[in-house]
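J.: One predicted model, sequence on top.
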Amino acid sequence: MPNNMESESRKLLGRLRDTLAEDSAGQARLDRITNLIADSMQTEVCSIYLFRDKDTLELCATEGLKAEAVHKTRMRIGEGLVGRVARTRNMVNTADAPSEPGFRYMPETGEEIYSSFLGLPIQRLGEILGVLVVQSKTARAFTGDEVYALEVVAMVLAEMTELGAFVGDEGGMGALHKHPVMFRGATGQEGVTEGHVYLHEPRVVVTNPVADDPEAESQRLREAVDKLRISVDGMLANVEPSDKDQREVLEAYRMFANSRGWMRRMEEDIQRGLSAEAAVEKEQSIARARLATVPDPYMRERLHDLDDLSNRLLRILTGQGKETGAEMPENPILVARNIGPGELLDYGKDLKGIVLEQGSVGSHAAVVARAWAIPLVIHAEGITTKALNGDAILVDGDQGVVHLRPEDTVATAFRDKIAMQAEAQKRYAGLVGLPAQTLCGKHIALHMNAGLMADLPSLATSGAEGVGLFRTELQFLIRNKVPRRGDLASLYARVMDAAKGKRVVFRTLDIGSDKVLPYMKPQEEPNPAMGWRAIRVGLDRGGVMRMQLQALIRASAGRPLTIMFPFVAQFDEFRDAKAMLDAVLESESRLGHVLPASLEVGAMLETPSLAFAPDRFFEETDFISIGGNDLKQFFFAADRENERVRKRYDTLNYSFLSFIRQIVTRCDTFHTPVSFCGEDAGRPLESVALAAMGVRTLSMRPASIGPVKAMLRRLDLDEVAAVIDKAAAEGAQSVRPALSEHLAERGFVT
Ligand code: PEP
Ligand code: MG
């Protein structure tokens, strides 16, 4: 390439843009482009390979290789040098291609005479779209300037591909974002649903990747970056000094926004002919590509920051806001990288499902999804890049799987599953007024878990006997400051009103661990799940707990009240909490408030230690609720947020079931009512095993009450207990296979 690289590069990009503007078919455009690039780079060969399907690249156009190889030559990701570029998303630049490791000669192309090879990924925002290659006979490595020039070209090609410029009839030239894609994530909330994508943050569309006037573009970029800096400074000024996380993110934003390297690279890209938007996106694409390979969590966080910042900058440059005016489609399924509970609540209950790239089982978004009983799949990596607003999407929260733009066969099978579930729901509706009475005559009380006012109508529709767990933290998590006592009191009163005399177990604030209040000083704890959380915070910082207890007493206004303390690990904690409650009762009485007609005070058993508490604990507590989610993680020493270890240990592991039986026996000795309110209570097989271990009250999400009741009503728990014990006597670690067989014999599909 001649010396005057920048103007040459600009000229080439200008010609590319003109090609795009011509009214010609995708193939003609591609052919013209390979010709232009080869000419401009002074190489004998220029080829463009695009993806035919997610694993196979296809030679779609070439200048220099044999024409008959076009649309015939294909390679899988990782195969040959082109496949290597696609797999690693890194360039290959070599003077002697045949001696490169992995080189594969494609005889139909006639490429054996070309020695030097430069291949670059055509990628956009972390999504690899194809590979651009130039080759020449002379054995020479391409210079840094040439590589750079070709990188800029690859960027423009990526934008053009995204805009559909190369769509044609041939295999590799199908329109983008049309293929079916499946994502294997993890279950955040069970359930299956079908709908259309609604992106939380629609991606910015860059329609002008090439610009003629570098000075004007630089000026636009500088102005946009100035605006960005001002907005970051503004955000920093508003953040509470105690909010270290938020501060850290914004400091990182500021660092990037002031980074000379970032600015310089973008300015250079502009000098070579990119528009300001395309220059920003080129940097963003590089950061995304690195994200895919960097294992260090700190670096990943920073790359995410850079990605967010680039999005902000693009929105300033293009004027495209978060609200693109996209209508919420029918049956909207929200697709996002991540989302906070407040933003999620803003969307309202119209959402049919949620799919997140990040998130966790215990995240606030999961709590809301659970409260709404809508399927949530987390860890669906890359979905925000692949999905477009309005795309058809199937969400299988049971399996943690998402099908984007599904094939007809997949959609049909999926619909069958939904129909079966709907059919079952109808059957369950017929059970609403009936008790969960087993064949052996035992009554299992089924209660529901709740956390929002919006949950309460389910009390009637599900047939729950009461609210076995009201998670009060949600009201604290969705605000940016501690809610006021009066507001809490009126909310709790409305909950009690809606329950119409049914018992509601209010659990006091369970924060810490994964539930971090936006306005609470974050703790630097190596193991937050075992750290300063729940009752530990409540006792150490009595102000908030006292305020909450007052709100509960005032809400009850002479009605019966049930309060439960979370995460009690030893008797003293329960005693201290109760003492605090007694003091509050006394002061409330002194202030002239009407005290509850009756008061039940219970503890959640979420650590194995409490099962071994002194007898007095069991005598003094009015009831115990087993928080199986936490109890299981401590029993097996397996983080409930860590998919890898969480799944290793089955709830139907005999050790765990025996432990539950021991807890029940101990409670029975002291006539202390015991319930189970972890997620397993709502899983039919697990619920049956828990009931067979003697648990007589189960609290679960409302949607589970029907399936659990249907199963309990058709089983004999003594038989189930015998199956469990027999399996254990035969050495089974998990009794799941034996129990499933027992149920299958009775006509259940498990
Ligand atoms: C539990 O740990 O089982 C429980 C119900 O509490 P949470 O899931 O809110 O921690
Ligand atoms: Mg818990």
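T.: Yes, it's here. Ligands and ions are numbered 1, 2, ... in the order given.

J.: can you pull out the strands in the stretch 151-300 of the chain?
T.: 181-184, 186-189, 192-199 (DSSP state E, counting those that start in this stretch).

J.: Any chance of those in a markdown table with mean neighbour count as columns?
T.: C-beta coordinates here come from the backbone N, C-alpha and C atoms, glycine included. Formatted as a markdown table, the strands of the stretch 151-300 of the chain follow (neighbours: other CB atoms under 10 Å):
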| stretch | mean neighbour count |
| --- | --- |
| strand 181-184 | 16 |
| strand 186-189 | 24 |
| strand 192-199 | 21 |
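
J.: Kindly state which of the ones you listed is positioned closest to ligand 1.
T.: Evaluated over the strands of the stretch 151-300 of the chain, closeness to ligand 1 peaks at strand 186-189, with 12.5 Å, by CB to the nearest ligand atom.

J.: is that closest one up against ligand 1 anywhere?
T.: No: Strand 186-189 does not reach ligand 1 (CB under 6 Å from any ligand atom); its nearest approach is 12.5 Å.

J.: for that strand, packing partners?
T.: strand 353-356, helix 364-372, strand 376-378 (3 or more CB pairs under 8 Å, 6 or more residues apart in numbering; DSSP states H and E).

J.: got the contact list for residue 317?
T.: 220, 221, 224, 276, 277, 280 (CB atoms under 8 Å, 6 or more residues apart in numbering).

J.: Among those, which lie within helices?
T.: Judged by DSSP state H, those include 220, 221, 224, 276, 277, 280 as members of helices.

J.: Model confidence score at the closest residue to the first one other than its chain neighbours, please.
T.: The shortest distance from residue 220 to any non-neighbouring residue, by CB to CB, 6 or more residues apart in numbering, is to residue 276 (4.6 Å). Residue 276 is assigned a predicted lDDT (pLDDT) of 94.

J.: Residue 276 touches residue 213, doesn't it?
T.: No: if you go by CB atoms under 8 Å, residue 276 and residue 213 don't touch, sitting 10.8 Å apart.

J.: Could you tell me the least trusted of the strands of the stretch 151-300 of the chain?
T.: Mean pLDDT is lowest for strand 186-189 out of the strands of the stretch 151-300 of the chain, coming in at a mean of 87.

J.: need the residues of the chain near ligand 1, please.
T.: Looking at ligand 1, the residues of the chain close enough under CB under 6 Å from any ligand atom are 469, 471, 510, 606, 627, 628, 629, 630, 677, 678.

J.: let's see 8 Å
T.: Residues of the chain found near ligand 1 (CB under 8 Å from any ligand atom) are 362, 367, 449, 469, 471, 473, 507, 510, 513, 515, 566-567, 604, 606, 625-632, 640, 677-679.

J.: Give me the subset of those residues that lies in strands.
T.: When DSSP state E is applied, the residues of the chain next to ligand 1 are split such that 449, 469, 471, 507, 566, 567, 604, 625, 626 fall in strands.

J.: okay, now the domains of this protein?
T.: 8-168, 178-202+327-415, 214-318, 438-746 (the TED database).

J.: just how off-centre is the longest one within its chain?
T.: A distance of 25 Å separates the centroid of the chain from that of domain 438-746, by CA atoms, centre = their mean, to the nearest Å.

J.: gap between the two ends of that domain?
T.: End-to-end distance of domain 438-746: 14 Å, with CA to CA, to the nearest Å as the criterion.

J.: Start the count at 498 instead of 1 going forward.
T.: With the count now opening at 498, the last piece we talked about shows up as domain 935-1243.

J.: could you dump the helices and strands packed on strand 683-686 to a markdown table with distance to ligand 2?
T.: Listed next are the helices and strands packed on strand 683-686 as a markdown table, based on distance: least, CB to the ion, whole Å:
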| stretch | distance to ligand 2 |
| --- | --- |
| strand 850-853 | 22 |
| helix 861-869 | 12 |
| strand 873-875 | 18 |
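
J.: any chance of the ones you listed in CSV, plus distance to residue 889?
T.: CSV is the format used below for the helices and strands packed on strand 683-686 (distance: least, CB to CB, whole Å):
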stretch, distance to residue 889
strand 850-853, 13
helix 861-869, 21
strand 873-875, 16
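
J.: and these, which one's lowest on average pLDDT?
T.: helix 861-869 (a mean of 76).

J.: Can you list the neighbours in contact with stretch 826-844?
T.: With CB under 8 Å, 6+ apart, stretch 826-844 has contacts from 690-698, 847-856, 861-862, 864-866, 880-881, 884, 886-887, 890, 892, 971, 974-976.

J.: One more: stretch 949-965?
T.: Counting by CB under 8 Å, 6+ apart, 846, 865, 868-870, 928-931, 942-947, 971, 988, 991-992, 995-997, 999-1002, 1122, 1172, 1174, 1194-1197, 1199-1200, 1202-1203, 1206 sit against stretch 949-965.

J.: which residues of the stretch 848-997 of the chain score low on pLDDT?
T.: The stretch 848-997 of the chain contains residues with pLDDT under 70 at 859-861, 977.

J.: Now with 80, please.
T.: Counting by pLDDT under 80, the ranges of the stretch 848-997 of the chain that qualify are 856-865, 867-870, 951, 971, 974-978.

J.: How about the stretch 648-797 of the chain?
T.: For the stretch 648-797 of the chain, the ranges with pLDDT under 80 are 659-661, 665-675, 699-702, 735-747, 749-750, 753, 785-797.

J.: Return the residues of it in contact with ligand 2.
T.: Residues of the stretch 648-797 of the chain found near ligand 2 (CB under 5 Å from the ion): none.

J.: what does the protein put close to ligand 2?
T.: Counting by CB under 5 Å from the ion, the chain sits next to ligand 2 at 1103, 1124, 1127.

J.: same thing but at 8 Å, please
T.: Remark: the part of the chain in contact with ligand 2 comprises 1007, 1031, 1063, 1064, 1101, 1103, 1124, 1126, 1127, 1175, using CB under 8 Å from the ion.

J.: Just put these in CSV and tack on neighbour count.
T.: Below are the residues of the chain next to ligand 2 laid out as CSV (neighbours: other CB under 10 Å):
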residue, neighbour count
1007, 25
1031, 26
1063, 26
1064, 23
1101, 28
1103, 26
1124, 25
1126, 16
1127, 23
1175, 26
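
J.: Need the max-distance pair from those.
T.: Pairwise distances across the residues of the chain next to ligand 2 (CB to CB) peak at 14.5 Å, for the pair 1031 and 1175.
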